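Engineer: Quick check, what structure comes out for this input:
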Amino acid sequence: MRKTNDKPLKEAIEQMLNVYKIKRRYDETAVVAAWPELVGKSVANRTKELFIRDRKLFLRIESSVIKNELMMIRTQIIDKINEEAKGILITEIIFL
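Structural biologist: Numbering: from 1, shown residues only. Purely as a prediction, here's the structure:
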């Protein structure tokens, strides 16, 4: 029998992340972890550096061809990441 103040675990974790103001950091880490699923394994394997700072996704790609392709679809990548995060996590992609 559940008490009235019981919460599902997912909801409790979300609340804790918000209270301690680490939700954004958690979401950023999730983007880095999900990079192969977001862009595919072949692109992920050629990604040498990937980090988020100040709502900007910084990427270092070893293949100039893949880098150019990603530059052309950067808005779709940003939209996909923000959709997954259910908020504005990334506003810009910067290629290093």
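Engineer: where's Arg60, which helix or strand?
Structural biologist: strand 56-61 (DSSP states H and E).
Engineer: what's the average pLDDT for that strand?
Structural biologist: Strand 56-61 carries an average pLDDT of 94.
Engineer: how far out from the middle of the chain is the helix or strand just after it?
Structural biologist: Past strand 56-61, heading to the C-terminal end, the next element that is a helix or strand (DSSP H and E) is helix 64-72. In this view, helix 64-72 has its centroid 19 Å away from the chain centroid, taken as C-alpha atoms, centre = their mean, to the nearest Å.
Engineer: Pull out the buried positions in the following helix or strand past helix 64-72.
Structural biologist: Sequence-wise, the next helix or strand beyond helix 64-72 is helix 74-85, with elements assigned using DSSP H and E. Across helix 74-85, burial judged by 16 or more other C-beta atoms under 10 Å covers 74, 77-78, 80-82, 85. C-beta here means a position set from N, CA and C on the backbone, and glycine is covered the same way.
Engineer: Determine the longest helix present in the chain.
Structural biologist: Once the chain is assigned using DSSP state H, the helix that runs over the most residues is helix 23-39.
Engineer: so how many other residues sit close to Thr47?
Structural biologist: By the other C-beta atoms under 10 Å criterion, the neighbourhood of Thr47 contains 19 residues.
Engineer: what comes up buried for the strand holding Arg60?
Structural biologist: By neighbour count with 16+ other C-beta under 10 Å, strand 56-61 contains the buried residues 57, 59, 61.
Engineer: Kindly report the same for stretch 59-73.
Structural biologist: 59, 61, 66-67, 70.
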